[in-house]
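1. curious how this folds, go ahead:
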Amino acid sequence: MNLTDLAPADAAERLLVQAPDHRWAIRVAAEIERRASANALEVVGERWGLSKAALARMFGVSRQAFSKWLADKPAAKRAHDIAALETAHEILERFVRPDRIAAVVRRPADHLGGRSLLDIANSEGPSAVLDAVRPMFDLRSVQP
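-> Sure, this is the predicted structure:
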């Protein structure tokens, strides 16, 4: 049986039983987190139709620095912005067909002051994108 066939808690238990050195387990968890964050940024870039250079501009770093993020964990001070962008993307994926996300993030919207989500990301940063995406799909505002 593969670890991926198990519930996460059961997979963790199996790893810890096989390697009771918790320091090793902490290093494994950190590596999983690093790879998951890098993969999430790559997915956002692909679905939003953005190059690495465009993603780098969004975060206010060079393309080379952004490429290092994908190969190695970004600085801890970037974790909030990365998480915000990931969450904004997850919301978009929940409500928008994946092949339409690139168009949605580029479309100027009246409720965004005539700006697009990409405009907001580039001028105010990824956290502002999350603040803009959340109300777009808040169905409580349309309920009687």
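2. center of this structure - which residue?
-> Glu86 (2.1 Å; Cα atoms, centre = their mean).
3. how much space between that one and Leu130?
-> Per Cβ to Cβ, to the nearest Å, Glu86 is found 9 Å from Leu130. All C-beta spots, glycine's among them, are computed from the backbone N, C-alpha and C.
4. grab the nearest non-local neighbour of Thr4.
-> Ala11 (7.7 Å; Cβ to Cβ, 6 or more residues apart in numbering).
5. typo on my end, it should be Arg134
-> With Cβ to Cβ, 6+ apart, the residue lying closest to Arg134 is Ile91, at 6.8 Å.
6. and Val44, what does it touch?
-> Neighbour list for Val44: Leu50, Leu55, Leu85, Glu86, His89 [criterion: Cβ atoms under 8 Å, 6 or more residues apart in numbering].
7. can I get those in CSV including distance to Phe95?
-> Output for the contacts of Val44, formatted as CSV (distance: Cβ to Cβ, whole Å):
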residue, distance to Phe95
Leu50, 20
Leu55, 22
Leu85, 16
Glu86, 16
His89, 11
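8. what's the neighbour count on Met136?
-> 17 (other Cβ atoms under 10 Å).
9. check the gap between it and Ala30 for me.
-> Following Cβ to Cβ, the distance that separates Met136 from Ala30 is 34 Å.
10. what does Ser116 give?
-> Counting by Cβ to Cβ, the gap from Ser116 to Ala30 is 35 Å.
11. comparing the two, which residue is more hemmed in?
-> Legend: neighbour count by other Cβ under 10 Å for Ser116 and Ala30, higher for Ser116 (17 against 11).
12. dump the residue contacts of that one.
-> With Cβ under 8 Å, 6+ apart, Ser116 has these contacts: Val105, Arg106, Arg107, Pro108, Ala109.
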